[in-house]
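Chemist: Fold the following and give me the result.
(chains A, B and C)
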Amino acid sequence: MPELPEVENARQVVEKALDRTISDIDDHDEYECRPHRPGEIKHALVGGRLTAAHRRGKAMWCETETADGAEGPTLGIHLGMGGRVIVTAPEGEDSSDYGGGNAKIGVRKKDKPEWTRFSMSFDDGGQLRLFDKRRLGRVRLEPDIDALGPDAAEITREEFRSMIAASKAPLKARLLDQNAIAGIGNLLADEVLWQTSLSPSRRSNSLSESDADELRRVLRRCTRSAIRKGGVHTGEIIPYRNADSNCPRCGAPMKRGTVGGRTTWFCSKEQG
DNA sequence: ACTCGTGTTAGCTG
DNA sequence: TCAGCTAACACGAG
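Modeler: As a prediction, this is how the structure comes out:
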């Protein structure tokens, strides 16, 4: 699930964990906490607290403060292919606004306790947990955020134009390149390309400036809409990403291919 | 049993 | 040299 909109919703959940004293951390999962050794993250953060939650593209990170009030290491959280963050309320407090009961971002019925790959306990009895059955998510100290391109929801028109013009890779592959523009995943890429009727395999630098401007407008609109509705799966073309579907705009069959190494669905007529 | 996948990245290639 | 591509990652779901 996690593309930019899901991660933004997760970031808002993490804000519920700010300014609560960290009493314990379980960081024993060797995959999720790579490259750290078990106990390393725990040692760095116990006694301190998270003071701010940020996001760029699909990457999240928290600023921290140590027990004596000094600046602590940043804590990066990446959800990978299927991670979710859960923050529970202080013991005895109403949990209704903590996201814990929200199936879109919180606990789901089929979740197994062992899919909790990382957890942080607070001295108020609450917890921050990372749920990730596939273990492609990551929790790490001092993540490199600067390597990412501009956030897809914030990128300026000039930045977007030059990013598009700077590569001859297939357009969809360019949109998926997190170092060029951060936050677009496979579904959001299919959605914006269908909305603009642009071919996924067209060379990125073959777009005109007005094509690029239109693509950026649609990208911003789809991103905002997905954040509001709860995720990229709420996109218009997503239900039509299968072999039996026809383009809801022109009626031609939807077609499956591979672009940028990812399954790609597009209108065989309008995006051919 | 076997294939697929809403993300990232090391390592290969032209 | 380096942009671009592929396979691998880990593991549940269909």
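Chemist: where does the stretch 51-200 of chain A dip in pLDDT?
Modeler: A:96-110 (pLDDT under 70).
Chemist: Share the number of residues neighbouring the residue nearest to residue A:156 when sequence neighbours are not counted, please.
Modeler: Among residues not flanking residue A:156 along the chain, residue A:150 sits closest, at 7.5 Å (Cβ to Cβ, 6 or more residues apart in numbering). C-beta here means a position set from N, CA and C on the backbone, and glycine is covered the same way. Using other Cβ atoms under 10 Å, residue A:150 has 17 neighbouring residues.
Chemist: same deal with the one 10 residues further on?
Modeler: A count of neighbours around residue A:160, defined by other Cβ under 10 Å, yields 21.
Chemist: one step back: so the residue nearest to residue A:156 touches residue A:179, yeah?
Modeler: No: when contacts are counted by Cβ atoms under 8 Å, residue A:150 is not listed as touching residue A:179 (10.5 Å).
Chemist: Mutual contacts of those two, please.
Modeler: Both residue A:150 and residue A:179 lack any common contact, where contact means Cβ atoms under 8 Å, 6 or more residues apart in numbering.
Chemist: Is the spatially closest residue to residue A:74 that is not a sequence neighbour bridged to anything, and to what?
Modeler: Nearest residue to residue A:74, sequence neighbours excluded (Cβ to Cβ, 6+ apart): residue A:61, at 5.0 Å. Under DSSP bridges, the beta-bridge partners of residue A:61 are residue A:54, residue A:76.
Chemist: can you list contacts of the longest helix along chain A?
Modeler: Ranked by residue count and defined by DSSP state H, the top helix of chain A is helix A:209-229. Under the criterion Cβ under 8 Å, 6+ apart, residues A:3-5, A:8-9, A:152-153, A:155, A:157, A:160-161, A:164-165, A:183-184, A:188, A:191-192, A:195-196, A:198, A:207, A:232, A:234-235 lie in contact with helix A:209-229.
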